[in-house]
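Trainee: Next one to model:
(4 chains)
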There are 2 protein chains.
Amino acid sequence: MNDVKQTIAFRLGTLGAVMQDRFASKIEFYDLKPKHVGLMAALKGGTAAASQQDLAARLGVAPSLVVALADHLERLGAVERVRDPGDRRRQTLTLTEHGVALLARCAAAAGELDDEITASLAASERAALRDTLGRLAAGVGLPS
Amino acid sequence: MNDVKQTIAFRLGTLGAVMQDRFASKIEFYDLKPKHVGLMAALKGGTAAASQQDLAARLGVAPSLVVALADHLERLGAVERVRDPGDRRRQTLTLTEHGVALLARCAAAAGELDDEITASLAASERAALRDTLGRLAAGVGLPS
DNA sequence: AAGAATCATTCACGCTCTGAATTGATGGAC
DNA sequence: GTCCATCAATTCAGAGCGTGAATGATTCTT
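Mentor: Here you go, the predicted model:
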């Protein structure tokens, strides 16, 4: 056989694109895109208050994109920009209560999506998949 | 916990993006992008000679994009456009020998990528992952 | 034979993201 | 204390990728 379409890499690529699209549809109502959710999730997970540069590095995007994402989230009242008093060049982003609530809704949407696409999988398979994907993500240096 | 980042959907999305990027880097040398490979793979898998509209539907993209992809592949000598004599509106695309060879190299590149990212997985896990991803892809209507 | 439908193609546009230039703040050299 | 190299955030122009509407050629319907 030796078919490209049956490699893990190619399947991850195409499935990933579909997931992004479907997730985008689900959160469209909140005026959010997947990257906004990624940014909010990074804020929640972050141990210390994060500068925008750190976030850009964590998300693997250009700092200028973080500016645009933060602008939008700030307009929605989901994050707050606060000048770091110790180093006033830095803007530290923090999730507001509304941001926490929004993020929870996005998590719920992602959960629904999980249920939809894994409907035909046994519970054990689903757990195994979740675990394996987590390890792959860690392996390529994605924030967990 | 209830974290977005740990859902299957979100992980598939981010991992998928990484895979696309890495795969793109590997095939850049052949002057190809992932979508070109998707098109060639669809041509190989297709039972009958495929019209560009069919291919667009199969790949889930606009017909005008198939035109651009086919233009590029034709320039590379990887595919040939032949007017369907039965219905001269249709262009049927077929892989040339060079196209077959190119596709094989891309399959090899994808295989390498598989090895790289699943290096930390047991062989049984890798097989399970491949199988599960295949079923998910089928579930969302992706061509197998 | 006329008109509606279908396929490929072209083209203008929207969206997303990046990289370079700008502004404001910091910190070390002297 | 004053320069000046460095760094963070921001703005902005532009590249890249994809879509959807218009065009032209062909086929189907009646």
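
Trainee: do stretch A:26-33 and DNA strand C meet at all?
Mentor: Yes - among the residues of stretch A:26-33, A:K33 lie within reach of DNA strand C under CB under 7 Å from any atom of the strand. The way it works is simple: take the backbone N, C-alpha and C, and place the C-beta from them, glycine included.

Trainee: Work out the gap between that stretch and the centre of the chain.
Mentor: Mean C-alpha position of stretch A:26-33 versus that of the full chain (CA atoms, centre = their mean, to the nearest Å) differs by 13 Å.

Trainee: What separates the first and last residues of that stretch, distance-wise?
Mentor: Using CA to CA, to the nearest Å, the end-to-end distance of stretch A:26-33 comes out at 9 Å.

Trainee: List the buried residues in it.
Mentor: Under the neighbour-count criterion of 16 or more other CB atoms under 10 Å in any protein chain shown, stretch A:26-33 has A:K26, A:I27, A:Y30, A:L32, A:K33 buried.

Trainee: Contacts only, for the spatially most central residue of chain A.
Mentor: The structure's chain A has its C-alpha centroid closest to A:G38; by CA atoms, centre = their mean the separation is 2.5 Å. Contacts of A:G38 were listed using CB atoms under 8 Å, 6 or more residues apart in numbering or on different chains, and they are A:L59, B:K5, B:T14.

Trainee: Okay, now the unreliable bits of chain A?
Mentor: Low-confidence segments of chain A, defined by pLDDT under 70, span residues A:1, A:46-48.

Trainee: let's go with 80 and repeat that
Mentor: Counting by pLDDT under 80, chain A shows low-confidence ranges at A:1-2, A:45-49.

Trainee: Now do the strands in it.
Mentor: A:50-51, A:79-83, A:91-95 (DSSP state E).

Trainee: Name the strands paired with the shortest one and say parallel or antiparallel.
Mentor: If I follow you right, that is strand A:50-51. Each strand pairing with strand A:50-51, determined using DSSP bridges, is listed with its direction: strand A:91-95 (antiparallel).

Trainee: which residue ranges form the helices in chain A?
Mentor: Residue ranges of the helices in chain A, as given by DSSP state H, are A:8-27, A:34-45, A:52-59, A:63-75, A:97-117, A:123-139.

Trainee: how about CSV for those, with distance to DNA strand D added?
Mentor: Formatted as CSV, these follow (distance: least, CB to the nearest atom of the strand, whole Å):
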stretch, distance to DNA strand D
helix A:8-27, 9
helix A:34-45, 12
helix A:52-59, 3
helix A:63-75, 3
helix A:97-117, 16
helix A:123-139, 23
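
Trainee: Rebuild these as a markdown table, extending it with distance to B:A50.
Mentor: Output for the helices of chain A, formatted as a markdown table (distance: least, CB to CB, whole Å):
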| stretch | distance to B:A50 |
| --- | --- |
| helix A:8-27 | 18 |
| helix A:34-45 | 32 |
| helix A:52-59 | 38 |
| helix A:63-75 | 38 |
| helix A:97-117 | 27 |
| helix A:123-139 | 32 |
